[in-house]
Each structure stands twice: as C-alpha cells, then as structure tokens.
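Enquirer: sequence unknown, structure follows:
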C-alpha cells in the first residue's frame, strides 16, 4: 500500500451469474461500476484472478510489490494475496475469475510477482475461447440451453481457459537438479505456517537432514532453509496485519508466537517495520517490502 490508501478489504467468491466456478469480466466494466473507489483500497481475494492485459500498459500491486503489465501479458493473483488496482487510463484488460484451479499451478508459492507474456498460439486459442464464452453467456443462448447443460458447458470452458493460459512457473519454480527437497519444504511450510516449527522439525518430518534442506534452498533461491521459513511467515504477517481491525496479539497467536513482544521483534527484524506500521494505512510501504 502507499500513503493515503485504506485498509484492504476481503473479497469472497461471489459470482454475478450462475455459479460455474468461473467468470470473465472486462476491466472497463469494473471501472465503470466502481469509479475512482476502485483505486482506493487493496483487496485480499478468496479466489483466483488472472488479469490479461489486452492493450496499453499499467501497474498492479501484488503482495506489496508493483508489477508492470504490458499488452498480451497475464498476471495471476492467488487466494490470500494482497492486491491493489492502479489507475492507468491506457490499460485495458480482461479479468478471468476462478473459484479455484482444477489443477493448481506450481507457481502458487509466494514469490516476487511478475506478469508473463503469452505466445502467439496461446493468444489465438485464448481469443477463440473468449468468443465461445461470450456466446455461452449471451441471453438468447442461455434461454435456449439453460439449466445444468449451460453450467456444464461453462465448467468445460473454464478448464479450457486454464489449459490455454498455462500459467507458467514464477520465481524459482523451474529449479535445477537437487531442488526436490526445496519444493517439499515449501509445501511443508504451507501446511504448517507456524513459528514453533523449526527447520529441524521440518527436516525430520520430510526425512532430510537440515544440511540437505539448506543446500537445496541455497541452490534454488540463495537462502538458508530458516530464512525461507522466516520470509514466508513475515509475508503472512504483513498480509494479516494490513487487514481491517487486525490485532497484533491475534496475528501473533495465529502464526505460533506465544508472546506478542517476540512477534514484534520478528516483524521488525524481517520487514524493517513494527507491526503497528503495517496496520496504519497512512504509513507508506516501500516497493517490494
């Protein structure tokens, strides 16, 4: 967030039409509906959002970092991430909303968010899928088909979009040999997002030595296993602290800290700011922190 922003709002899955677990919106329609209020606060989504920049360029904020969007690039925003729209008059795009991915991309791990370019073949298939989608939601077609057949058709098309988009791995998901323990550790951190869980605990649960985990993490991301765990916990702390009415003690407990003072020291050490700084919507947040 930047100075002047309000606290993020939590946005549940709430389709505007029949719930097929999938919906497409045009960004211009979103702007027309919400006007300037669209830019004023960040959001924490409970569903998957893919932004396809169709023309122009713009900037989007994801997990406190700004992401540049260019024509024919896509940005995937995952459940739980903090994101915010930026006012860019030359940026037009299509928004693809999924209640969940049928096969979750490997890139779900929090990493530096980036927008990925679509290839020529992807763009051709995507445009064809768009035309099919808009015909499926056209009122006359719905009136003819209707009911379960309509929902089934949309569900099938949802899978087509997911396959065509082929969200590529982000960050370091394409690891050289020896990255297996690193990915297993990532999954363990997501299952046990708890400060009490030491690297030794995680190594024992995964069947590796701590040295093996350290070596794998250094090979893929240049961090120790402990640093990887701490960065993930720090990101979750920031996400929770910026939410409306967040309480430091409650956030601390949810992440496994027995004492709020220990949590405060952890946040200060890992983010450079006190928990109260993240709670204050008027406090500026540096890019990428």
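Expert: Okay, I see it. Worth saying up front: this structure is predicted, and the values here are computed from it rather than measured. Numbering: from 1, shown residues only.
Enquirer: mind listing the helices for the stretch 1-150 of the chain?
Expert: In the stretch 1-150 of the chain, the segments counted as helices under DSSP state H, counting those that start in this stretch are 27-34, 120-136, 139-144, 147-165.
Enquirer: any buried residues in the second one, and which?
Expert: Within helix 120-136, the residues that qualify as buried by neighbour count (16 or more other C-beta atoms under 10 Å) are 125, 126, 129, 130, 133, 136. (Glycine included, C-beta is placed from N, CA and C.)
Enquirer: elements contacting that helix?
Expert: strand 22-26, helix 147-165 (3 or more C-beta pairs under 8 Å, 6 or more residues apart in numbering; DSSP states H and E).
Enquirer: again, but for the first one
Expert: Counting contacts by 3+ C-beta pairs under 8 Å, 6+ apart, the secondary-structure elements packed against helix 27-34 are strand 92-98.
Enquirer: if you set the cut-off to 10 Å instead, what comes out?
Expert: Judged by 3 or more C-beta pairs under 10 Å, 6 or more residues apart in numbering; DSSP states H and E, helix 27-34 is in contact with strand 48-55, strand 92-98.
Enquirer: distance between stretch 64-81 and the chain's centre?
Expert: 8 Å (C-alpha atoms, centre = their mean, to the nearest Å).
Enquirer: low-confidence ranges in the stretch 51-200 of the chain?
Expert: 89, 102-111, 139-147, 167-179 (pLDDT under 70).
Enquirer: apply 80 and report the result again.
Expert: For the stretch 51-200 of the chain, the stretches with pLDDT under 80 are 87-90, 101-113, 137-151, 166-179.
Enquirer: I'd like the helices and strands packed on helix 27-34 as TSV, with mean neighbour count and distance to residue 13 appended.
Expert: Shown next, in TSV, are the helices and strands packed on helix 27-34 (neighbours: other C-beta atoms under 10 Å; distance: least, C-beta to C-beta, whole Å):
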stretch	mean neighbour count	distance to residue 13
strand 48-55	20	10
strand 92-98	20	8
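Enquirer: for the closest residue to residue 248 other than its chain neighbours, the count of nearby residues, please.
Expert: Closest residue in space to residue 248, ignoring its immediate chain neighbours: residue 275 at 4.7 Å, by C-beta to C-beta, 6 or more residues apart in numbering. Number of residues near residue 275 (other C-beta atoms under 10 Å) recorded here: 24.
Enquirer: tell me the contacts of residue 275?
Expert: Neighbouring residues of residue 275 by C-beta atoms under 10 Å, 6 or more residues apart in numbering: 237-238, 240-241, 246-249, 251-252, 260, 263-264, 266-268.
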